[in-house]
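Undergrad: Return atomic coordinates for the entry below.
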Amino acid sequence: MIILALRTDKPEAEIALYDDSKLIDSVSWEAHRQLAETIHHKIKDLLSSQGSDWSNIEGIIIYRGPGSFTGLRIGMSVANALASSLQIPIISESGEAWLEESLQKIINGSDQKVVVPEYGSEPHITKQRK
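TA: Predicted structure coming up:
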């Protein structure tokens, strides 16, 4: 099973491809404010480097948080959209063992259908200035 792993909670974004629990290849880059502009290209390039394309992805795992609001929101949106359009399972976990737990769950057939971020605190919303 080819699994795409994403982690977008910090300025350095990470993506990886796994064959079940065996790492095939990974990429990390300083995404900062360009995450939305770069993530699809990075995934496509990673797949191409392995002679694969979008249709080869059989499952998606993603770090749930806590972390950057914007990074988590973008990562979750990409992961949910890919899982839905490719009709493949998706799993999201948090904590230090998120990767191992997510891989194990998806290999065992779990599917959360839609994943949501865990920001780690209540939002701090400022009042609009007039």
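Undergrad: all strands for this structure, in order.
TA: In the chain, the strands defined using DSSP state E lie at 2-7, 12-19, 22-30, 59-63, 90-93.
Undergrad: and among the ones you listed, the most buried is which?
TA: Relative to the other members of the strands of the chain, strand 59-63 carries the highest mean neighbour count by mean count of other CB atoms under 10 Å, namely a mean of 26. All C-beta spots, glycine's among them, are computed from the backbone N, C-alpha and C.
Undergrad: Give me the sheet partners of that strand and which way each runs.
TA: Strands flanking strand 59-63 in the sheet, each with its direction: strand 2-7 (parallel), strand 90-93 (parallel) (DSSP bridges).
Undergrad: How about residues contacting the helix ranked longest in the chain?
TA: Among the elements of the chain assigned as helix by DSSP state H, the one spanning the most residues is helix 69-86. Counting contacts by CB atoms under 8 Å, 6 or more residues apart in numbering, the residues outside helix 69-86 that touch it are 4, 6-11, 13, 31, 35-36, 39-40, 43, 54-55, 57, 60, 62-65, 88-90, 92, 113-119, 123.
Undergrad: Drop anything exposed from those residues.
TA: Judged by neighbour count, with 16 or more other CB atoms under 10 Å as the criterion, the buried members of the contacts of helix 69-86 are 4, 6-9, 13, 31, 35-36, 39, 43, 57, 60, 62-65, 88-90, 92, 115, 117-119.
Undergrad: Just confirm His32 contacts Pro11, I think it does.
TA: Yes. Counting by CB atoms under 8 Å, His32 touches Pro11, with 5.0 Å between them.
Undergrad: Could you list the low-pLDDT ranges of the protein?
TA: Applying pLDDT under 70 to the predicted model, the residue ranges of the chain that meet it are 123-124.
Undergrad: residues contacting the spatially most central residue of it?
TA: The geometric centre of the chain, computed from its C-alpha atoms, lies nearest to Leu6 (CA atoms, centre = their mean), at 2.8 Å. Each residue near Leu6 by CB under 8 Å, 6+ apart is listed here: 13-15, 39, 60-63, 75, 78-79.
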